[in-house]
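Undergrad: Below is the sequence, then the predicted model.
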2 protein chains.
Amino acid sequence: MGFDFDHEQRRRLGYQLMDGINDYFSSLSDRPVQLPLAERSFADLHDALPELGEEAAVVLNEAMQELIHNGFHVPSANYFGLMNPTPTYMAVLAEALVATLNPQLASLARSQFASRIERETVRWIAERIGWESNAAFDGTFTSGGNEANFSALALALHHRFPEVKQQGLVALGVRPTLYCSAEAHHSLEKAVILLGLGQHALRRIPVNSQLQMDVAALKTQIDADLAQGFLPLAVIATAGTTNSGAIDPLAELAAICHERGLWFHVDGAYGAALVLSDEYRHLLRAISAADSVTMDPHKWLSMPFAAGMLFTRHPQLLEQTFGVETAYMPRIEHHNADGTTLPPDYYRISAQWSRRMNSLKLWLTLRVHGRQGYEELIARQMKLARLLETELLASGHFELTSPSALPILNLVLKAPRAARSDLHRELVAEVTEDGMHWISTTRVQGESVVRMMVISYLTEERHITELAKRVSAAAKNVLDRRSVEV
Amino acid sequence: MGFDFDHEQRRRLGYQLMDGINDYFSSLSDRPVQLPLAERSFADLHDALPELGEEAAVVLNEAMQELIHNGFHVPSANYFGLMNPTPTYMAVLAEALVATLNPQLASLARSQFASRIERETVRWIAERIGWESNAAFDGTFTSGGNEANFSALALALHHRFPEVKQQGLVALGVRPTLYCSAEAHHSLEKAVILLGLGQHALRRIPVNSQLQMDVAALKTQIDADLAQGFLPLAVIATAGTTNSGAIDPLAELAAICHERGLWFHVDGAYGAALVLSDEYRHLLRAISAADSVTMDPHKWLSMPFAAGMLFTRHPQLLEQTFGVETAYMPRIEHHNADGTTLPPDYYRISAQWSRRMNSLKLWLTLRVHGRQGYEELIARQMKLARLLETELLASGHFELTSPSALPILNLVLKAPRAARSDLHRELVAEVTEDGMHWISTTRVQGESVVRMMVISYLTEERHITELAKRVSAAAKNVLDRRSVEV
């Protein structure tokens, strides 16, 4: 009927796809990240909406060819870029299965078994955060880190001001303020804007030389806000900043929040993955004191988009914040035959309504590779980043701007500060022009830095050595050109 | 390295998965929606986080078995439930490809080709809304209808009050109000709550006998709000309500909005799919007058979760509302070699930041089945719903509560109104107990109704006839039992 194929057609198309995906995976260790600069195009496509269909195998083949040939390959082992990984193969299989079964996570009644896997995955991570299974906690998967942080701040707001749900912020009369470091992610601005708090409500606290939130400056800002009649609501610690991988001093921030009655949120989009490492979880000491934690498995846990997670120690607050009533949503009795209580429907505890199953890929990866898979991934990437640091510093062209605890490097060229921004741009342009490697620049405390990170589980020593050579040679060219010009 | 398999392992696992998916698709025409009542379980799973992995093929097989055997099957041809469909097979293939390539839709620079497909898909639908390609419009894919409606209301708010972005709602001084019908979706409540407007800001306007927003009542409410010092902001029309498929009078509502300077939003999560039907798009006359339109391809367009879409005739407003600055995000020059302007990065025009490619499944389905695929789907489901209506009315046990323009039926048992709620619950319990079929109850204008809809592209006449028999027999049982009791 219409969109259906027969068994043989499906088999052929399915195998065609898996063969293409298989070959793509095989290519990733040596694949350029993108086309050479001159061949890249971003212009709109101009095809009209197809009135009639075309042969499926032909279209599938074309789509794969075009996406692969013209694509930007985040999964390449040569991508030393932002926090998006090579997806695990088990995750890819899981995503196809989720698309097939299409469980509706909005309600338990229509997501039998799927919702149980979802909850188990949340529990596995929450327990590693340090919330044992007998403690009160709950959490949900989200469409990404932005929704996760947005939801956490919504919890903070509705915890303090339950009247906002009915009356809105206009009725509040006070102006809540939130605190994060100058290096925290800018999705926090988006969150406070969309929550109606306004961008000015987010106070960016200066960082210390380790690029961590300066605790003394935080206290000063809170006191100043109180004196001016603002209402301090929440402190947002970052565990693994996007620029540099810095981890804010969680224990000290937890203590301040406890003392002053503020919500303590940890944005661990990238760094909270360390809870899965016995060797490195000490870097997140005191994370269990958080009122809420967010983590994006689509970053360090090698999941494809989308997979954000939100955790809170105040489970009842999820429903208080996100719950609304409907007449049409199917309900099951909220206790089991054995008398145990069932969890609320997801549409009542999430910023979303209909919701995709974003958990199966992580659950399946953990089942097949175990926590040890992540223990090893994290240890290996830590080591590879140190190797890259050593090799680049040995070139004599770079200085490290701040020691990083995580596999992210921030370097500057040995050149006068005023010239660096242009030189860094030239350097990155030269390294990325042929498309093989990808690195980028950013600004840390207002200063231009060259940024590289190890993020693909396919990246090995040989990739690091090759990248260090490329970057060092480009640095030499850029600095030589400059000295001629000067 | 770690999560990687070799080519042969991937081939075997990939084929194992596709064989399982293939057999599952073959089973869908005759598959029960779920287990018999007595065998269903919702209790939490109790496995510990796996420390070490297990054999991939074994785990994959187990996961498929459990999800299929214990699962709730939205994709079954016997699911006459809420608005979630059997996914097209091309969509399933697309989802696996998206998971593999993992394009980062946040920035154009890292989503070469993927972002061009995304924009083309948005254009294809926008043109069918009636916004020709030379008119100003833009849109994005979202994680679902909730984010889409939330985003549309955010546009309305920031359009009228640009100062909210910096200062927040507390500084506004006025209380904006929004208008939707009593039958509009409850995710609108969630949206106004999370935007900080408060649930009271959403005025639910009574409906007429067609379950459409009563235009006179809307005007009265707007006037009353103005008189009380509220600030009317937006009218939200529904094109295809969840309960009944009712379509609000779009042309009249557009005229009121135009006259009074209100934002006109059309929530077409389900019904906006009609833009793809030449035969039925007239039902959406005047949708092109909307300031914003939302549509969920994961409803009538037979896409798996997640696929929401947001469209607006005010493209610059997307960036005005959602745009924030960062130092780390890679930028490409915002014009092409030929001088044409490039679109903004998605993280600047979306409520999300990192974003999954939710467009490929729809693009690929349209390429393979054409617009005609949807023309036929919509026409067939319209016809099947009328057949179901005829057969159920012929049983003599039911009355139709309201004529529906779309493939959704609302019926009541021929029994005293006070008894109906219980009788309907008994009826649905009897029909769904063995797990073969799924239908539900809801409340329309406060009254209990039995709700059935045709949503799977696999549903054929024989399924309709079978369902009508089941439901009629159950109705007879329920009514017979009652007359004995009375």
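TA: Perfect, I can see it now.
Undergrad: Show the low-confidence segments of the stretch 201-350 of chain A, by residue range.
TA: Filtered on pLDDT under 70, the stretch 201-350 of chain A yields the residue ranges A:333-338.
Undergrad: which residues sit against the longest strand that chain A contains?
TA: Scanning chain A for the longest strand, with DSSP state E as the assignment, gives strand A:230-238. Applying Cβ atoms under 8 Å, 6 or more residues apart in numbering or on different chains, the external contacts of strand A:230-238 come out as A:149, A:153, A:156-157, A:160, A:174-181, A:183-185, A:188, A:213, A:218, A:222, A:225-226, A:246-250, A:253, A:256-257, A:260, A:262-268, A:271, A:290. The way it works is simple: take the backbone N, C-alpha and C, and place the C-beta from them, glycine included.
Undergrad: In contact with A:A114: list those residues for me.
TA: Listed by Cβ under 8 Å, 6+ apart, the contact set of A:A114 reads A:101, A:103, A:105, A:357, A:360, B:67, B:71-72.
Undergrad: leaving aside the residues next to it on the chain, what's closest to A:R160?
TA: A:L233 (5.9 Å; Cβ to Cβ, 6 or more residues apart in numbering or on different chains).
Undergrad: burial of the one you found, as a residue count?
TA: A total of 23 residues lie near A:L233 under the criterion other Cβ atoms under 10 Å in any protein chain shown.
Undergrad: What's the ChimeraX line that selects buried ones from the contacts of A:A114?
TA: Buried residues among these (16 or more other Cβ atoms under 10 Å in any protein chain shown), as a ChimeraX selection:
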select /A:101,103,105,357,360 /B:67,71,72
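Undergrad: Next step: the contacts of A:A114 restricted to helices.
TA: For the contacts of A:A114, membership in helices holds for A:101, A:360, B:67, with DSSP state H as the criterion.
Undergrad: Now render these as TSV, adding pLDDT and distance to B:Q34.
TA: Output for these, formatted as TSV (pLDDT from 0 to 100; distance: Cβ to Cβ, whole Å):
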residue	pLDDT	distance to B:Q34
A:L101	97	12
A:L360	98	18
B:L67	96	12
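Undergrad: For stretch A:311-331, list every residue counted as buried.
TA: Neighbour-count burial for stretch A:311-331 flags A:311-315, A:317-324, A:326, A:328-330 (criterion: 16+ other Cβ under 10 Å).
Undergrad: Give me the subset of those residues lying in strands.
TA: Those of those mapping onto strands are A:311-312, per DSSP E.
Undergrad: filter the buried residues of stretch A:311-331 down to the ones near chain B?
TA: Checking those against chain B by Cβ under 8 Å from any Cβ of the partner chain, the ones in range are A:321-322, A:324, A:326, A:328, A:330.
Undergrad: quick one on the thing from earlier: got a quick ChimeraX command for the buried subset of the contacts of strand A:230-238?
TA: The command below creates a ChimeraX selection of those among the contacts of strand A:230-238 that count as buried (16+ other Cβ under 10 Å):
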select /A:149,153,156,157,160,175,176,177,178,179,180,181,183,184,185,188,213,218,222,225,246,247,248,249,250,253,256,257,262,263,264,265,266,267,268,271,290
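Undergrad: Out of the contacts of strand A:230-238, name the ones that lie in strands.
TA: A:175-181, A:263-267.
Undergrad: restrict those to those near chain B?
TA: Contacts with chain B are made by A:R175 out of the ones in strands among the contacts of strand A:230-238, judged by Cβ under 8 Å from any Cβ.
Undergrad: which intervals of the stretch 351-486 of chain A have sub-threshold pLDDT?
TA: A:486.
Undergrad: Any residues of it in contact with chain B? List them.
TA: Residues of the stretch 351-486 of chain A lying close to chain B (Cβ under 8 Å from any Cβ) are A:351-357, A:360-361, A:363-373, A:376-377, A:380, A:440, A:442-444, A:451, A:457-460.
Undergrad: Looking at those, which are in strands?
TA: A:440, A:442-444, A:451.
Undergrad: Can you pull the domain assignment for chain A?
TA: A:7-87, A:104-356 (automatic domain parsing).
Undergrad: First-to-last residue distance for the last one?
TA: So that's domain A:104-356. 7 Å (Cα to Cα, to the nearest Å).
Undergrad: from the chain's centre, how far out does it sit?
TA: Offset of domain A:104-356 from its chain centre (Cα atoms, centre = their mean, to the nearest Å): 13 Å.
Undergrad: do the first one as well
TA: Computed by Cα atoms, centre = their mean, the chain-centroid distance of domain A:7-87 equals 23 Å.
Undergrad: With just CA atoms, put stretch A:172-191 into PDB.
TA: Output of stretch A:172-191 as PDB, limited to C-alpha atoms (Å, rounded to 0.1, in the frame of the first residue of the first chain):
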ATOM      1  CA  LEU A 172       6.800  38.100  39.900                       C
ATOM      2  CA  GLY A 173       7.800  41.600  40.800                       C
ATOM      3  CA  VAL A 174      11.400  40.500  41.500                       C
ATOM      4  CA  ARG A 175      14.100  39.900  38.900                       C
ATOM      5  CA  PRO A 176      15.800  36.500  39.200                       C
ATOM      6  CA  THR A 177      19.500  36.300  38.400                       C
ATOM      7  CA  LEU A 178      21.600  33.300  37.400                       C
ATOM      8  CA  TYR A 179      25.400  32.900  37.500                       C
ATOM      9  CA  CYS A 180      27.800  31.100  35.200                       C
ATOM     10  CA  SER A 181      31.400  31.600  34.200                       C
ATOM     11  CA  ALA A 182      32.600  33.800  31.400                       C
ATOM     12  CA  GLU A 183      33.600  30.600  29.700                       C
ATOM     13  CA  ALA A 184      30.200  28.800  30.000                       C
ATOM     14  CA  HIS A 185      28.200  27.800  26.900                       C
ATOM     15  CA  HIS A 186      26.200  30.400  25.100                       C
ATOM     16  CA  SER A 187      23.200  28.100  25.000                       C
ATOM     17  CA  LEU A 188      22.600  29.400  28.500                       C
ATOM     18  CA  GLU A 189      21.900  32.800  27.100                       C
ATOM     19  CA  LYS A 190      19.400  31.200  24.700                       C
ATOM     20  CA  ALA A 191      17.800  29.400  27.700                       C
END
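Undergrad: And the average pLDDT for that stretch is what?
TA: Averaging pLDDT along stretch A:172-191 yields 96.
Undergrad: Name the residues of the stretch 201-350 of chain A found near chain B, please.
TA: When proximity is defined as Cβ under 8 Å from any Cβ, the stretch 201-350 of chain A approaches chain B at A:201, A:242-243, A:296, A:298, A:302, A:304-306, A:321-322, A:324-328, A:330, A:332, A:336, A:338, A:340, A:342-343.
Undergrad: related to what we said a few turns ago, run the angle between the longest strand of chain A and strand A:175-181 for me.
TA: Strand A:230-238 runs at 30 degrees relative to strand A:175-181, counting by axes from the mean of the first three to the mean of the last three Cα atoms, to 10 degrees.
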